[in-house]
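Peer 1: The sequence isn't on hand, but the structure is:
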């Protein structure tokens with residue numbers, strides 16, 4: 001029965017490319033047409049895998065790949081993921097799964113409930129992995145968020161620098177402003193703002209590993225009088241700042257906490273303050289988190305729709321003064337990360353086991369292709385408490401993407 005249900009779904013679902021499936025009992029079936037897209041062949045080594053795929057296609061496929069119960073000819077993981085995304089093979093694509101998909105949507109607020117304490121546990125799951133792992137694929141500044149690629153031929157290091165300075169221009173900086181960096185990571189943005197723009201920065205992170213490394217970086221840079229890195233939940237702060245920046249943290253807030261998050265942003269900002277929120281977003285209606293990502297990569301995480309994000313902003317007496325949507329920038333970033341990770345795969349295996357390496361490769365590739373072939377984008381949302389806190393036109397963003405230290409004093 002399970003084999004027939006799986007074949008029925010693949011018969012209906014594969015319209016671009018061809019997928020050839022060999023089951024554990026030797027049954028071999030092609031689906032689709034290789035003239036229309038990727039031509040991928042897989043072998044299911046687990047006799048129970050058809051049942052698991054029928055019940056939860058995404059999670060079962062990912063776990064089977066991680067455990068080598070699903071083998072891809074030529075290890076063509078990119079081809080398999082491209083085929084799946086091109087055909088929109090989704091967990092609710094089978095009619096018998098739709099009630100389960102509806103239940104996931106109904107329970108998404110429970111899955112994203114991130115109060116103080118639980119939020120730190122969820123952060124530790126990902127960000128307290130060995131710092132040596134991130135050295136294998138990130139740039140030298142450890143920017144673990146979307147780079148900005150305004151020109152062809154840029155290196156990852158150049159694109160990450162461009163990202164930081166693009167954000168800095170949106171913050172309309174001048175020396176000695178007080179800045180809060182919510183989710184400061186390994187301290188790269190805080191160090192840039194202090195060193196290149198003369199600001200006083202308070203950074204908060206829930207990751208012990210990140211806090212330790214960021215604190216050491218501040219000390220080594222001789223910026224302890226300008227940068228204060230704290231191991232603290234942003235909700236425990238009770239201060240005002242001239243500027244607030246948050247890069248790649250909002251994805252961990254969770255929909256039940258959106259109004260709470262923006263209430264804190266409002267309260268953190270001085271009356272003429274400006275905030276810049278940089279987050280992955282979806283160019284589609286609100287949804288749910290992929291089961292593989294939720295279970296193995298970012299527990300408690302969620303990629304927001306602009307509609308649900310702005311509904312929370314509107315209720316906190318805040319003005320959205322600028323919204324920019326980056327398309328494909330993160331796809332290019334993730335491709336470089338994946339290629340660097342694979343070039344250092346032996347070093348990754350020395351840190352973790354083969355299963356972890358397959359999981360991490362799957363995460364990086366699936367994320368890249370979701371930005372290329374699905375609806376994920378990046379939102380940069382500029383927010384202020386007053387309408388006139390920023391210029392009335394975007395001309396201040398027009399200078400070429402170059403080192404803007406001189407512009408910071410303007």
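Peer 2: Arrived safely. Quick caveat: nothing in here was measured; it's all calculated off a predicted structure.
Peer 1: can you list contacts of stretch 329-337?
Peer 2: 137-138, 146-149, 156, 159, 280, 364-365, 367-369, 371-372, 376-378 (C-beta atoms under 8 Å, 6 or more residues apart in numbering). C-beta coordinates here come from the backbone N, C-alpha and C atoms, glycine included.
Peer 1: List the contacts of the longest helix along the chain.
Peer 2: The longest helix of the chain (DSSP state H) is helix 354-373. Contact with helix 354-373 is made by 62, 65-68, 77-78, 81-82, 85-86, 133, 137, 292-293, 296-297, 328, 330-331, 334-335, 337-338, 341-342, 345, 348-349, 352, 376-377, as judged by C-beta under 8 Å, 6+ apart.
Peer 1: Out of the residues you listed, which sit inside strands?
Peer 2: Judged by DSSP state E, these include 376-377 as members of strands.
Peer 1: List buried residues within the contacts of helix 354-373.
Peer 2: The neighbour count (16 or more other C-beta atoms under 10 Å) marks 62, 65-66, 77-78, 81-82, 85-86, 133, 137, 292-293, 296-297, 330-331, 334-335, 337-338, 341-342, 348, 376-377 as buried among the contacts of helix 354-373.
Peer 1: mind listing which of those residues are in helices?
Peer 2: Among those, the residues falling in helices (DSSP H) are 62, 65-66, 77-78, 81-82, 85-86, 133, 292, 330-331, 334-335, 337-338, 341-342, 348.
Peer 1: could you give me the average pLDDT of stretch 143-160?
Peer 2: The average pLDDT within stretch 143-160 is 96.
Peer 1: Hmm, residue 51 is touching residue 2, no?
Peer 2: Yes - counting by C-beta atoms under 8 Å, residue 51 does reach residue 2; the two are 4.1 Å apart.
Peer 1: what angle separates the longest helix of the chain from helix 329-343?
Peer 2: If you take axes from the mean of the first three to the mean of the last three C-alpha atoms, to 10 degrees, helix 354-373 sits at 150 degrees to helix 329-343.
Peer 1: what comes up buried for helix 354-373?
Peer 2: Result for helix 354-373 [16+ other C-beta under 10 Å]: buried residues 356-372.
Peer 1: Nearest residue to the middle of the chain?
Peer 2: The centroid of the chain falls nearest to residue 280 when counting by C-alpha atoms, centre = their mean (5.6 Å).
Peer 1: so how far is the helix or strand hosting that one from its chain's centroid?
Peer 2: Using DSSP states H and E, residue 280 sits in strand 269-282. Distance of strand 269-282 from its chain centroid, counting by C-alpha atoms, centre = their mean, to the nearest Å, is 17 Å.
Peer 1: How about stretch 227-234?
Peer 2: Averaging C-alpha positions (C-alpha atoms, centre = their mean) puts stretch 227-234 21 Å from its chain's average.
Peer 1: swap in stretch 183-198?
Peer 2: That offset, for stretch 183-198, works out to 20 Å (C-alpha atoms, centre = their mean).
Peer 1: How about stretch 34-42?
Peer 2: Distance of stretch 34-42 from the chain centroid (C-alpha atoms, centre = their mean) equals 29 Å.
Peer 1: now swap in stretch 204-213 and tell me
Peer 2: On C-alpha atoms, centre = their mean, the centre of stretch 204-213 falls 18 Å from the chain's centre.
Peer 1: what do you get for stretch 363-380?
Peer 2: The mean C-alpha position of stretch 363-380 is separated from the chain mean by 8 Å, C-alpha atoms, centre = their mean.
Peer 1: repeat for stretch 222-237
Peer 2: Put simply, stretch 222-237 sits 23 Å off its chain's centre (C-alpha atoms, centre = their mean).
Peer 1: Show me what counts as buried in that stretch.
Peer 2: Using 16+ other C-beta under 10 Å as the test for burial, stretch 222-237 gives 223, 226-230, 232-235, 237.
Peer 1: which residues sit against that stretch?
Peer 2: 116, 119-120, 180, 182-184, 187, 190-191, 194-195, 198-206, 208, 211, 214-215, 218, 221, 260, 264, 268.
Peer 1: Among the residues you listed, which lie within strands?
Peer 2: Those of the contacts of stretch 222-237 lying in strands (DSSP E): 180, 182, 200-205.
Peer 1: Would you point out the most distant pair within those residues?
Peer 2: Largest separation among those by C-beta to C-beta: 200 and 205, giving 17.7 Å.
Peer 1: Excluding covalently adjacent residues, which one is nearest to residue 78?
Peer 2: residue 365 (5.8 Å; C-beta to C-beta, 6 or more residues apart in numbering).
Peer 1: And that neighbour, how close does it get to residue 56?
Peer 2: When distance is defined by C-beta to C-beta, to the nearest Å, residue 365 is 20 Å away from residue 56.
Peer 1: Also residue 178?
Peer 2: Taking C-beta to C-beta as the measure, residue 178 falls 48 Å from residue 56.
Peer 1: Ok, residue 343 next?
Peer 2: From residue 343 to residue 56 the distance is 33 Å (C-beta to C-beta).
Peer 1: These two: which has the busier surroundings?
Peer 2: Counting neighbours by other C-beta atoms under 10 Å for residue 343 and for residue 56 shows that residue 56 has the greater number, 18 against 11.
Peer 1: Give me the local confidence score for that one.
Peer 2: 88.
Peer 1: wouldn't residue 178 be in contact with residue 243 here?
Peer 2: Yes - counting by C-beta under 8 Å, residue 178 does reach residue 243; the two are 7.4 Å apart.
Peer 1: Neighbour count: the two, which is higher?
Peer 2: In this view residue 178 and residue 243 are compared by other C-beta under 10 Å, and residue 243 has more residues nearby, 24 against 17.
Peer 1: any idea how far the more buried one lies from residue 276?
Peer 2: From residue 243 to residue 276 the distance is 8 Å (C-beta to C-beta).
Peer 1: Now the common contact residues for these two.
Peer 2: residue 171.
Peer 1: Out of the buried residues of stretch 222-237, name the ones that lie in strands.
Peer 2: Per DSSP E, the buried residues of stretch 222-237 map to strands at 227-230.
Peer 1: between the residues you listed, which is closest to residue 253?
Peer 2: Among these, residue 230 lies closest to residue 253 (C-beta to C-beta), at 18.2 Å.
Peer 1: just to revisit the earlier point, please tabulate the ones in strands among the contacts of stretch 222-237 in JSON lines and include pLDDT and neighbour count as additional columns.
Peer 2: Shown next, in JSON lines, are these (pLDDT from 0 to 100; neighbours: other C-beta atoms under 10 Å):
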{"residue": "180", "pLDDT": "98", "neighbour count": "26"}
{"residue": "182", "pLDDT": "98", "neighbour count": "25"}
{"residue": "200", "pLDDT": "98", "neighbour count": "18"}
{"residue": "201", "pLDDT": "98", "neighbour count": "28"}
{"residue": "202", "pLDDT": "98", "neighbour count": "20"}
{"residue": "203", "pLDDT": "98", "neighbour count": "30"}
{"residue": "204", "pLDDT": "98", "neighbour count": "23"}
{"residue": "205", "pLDDT": "96", "neighbour count": "29"}
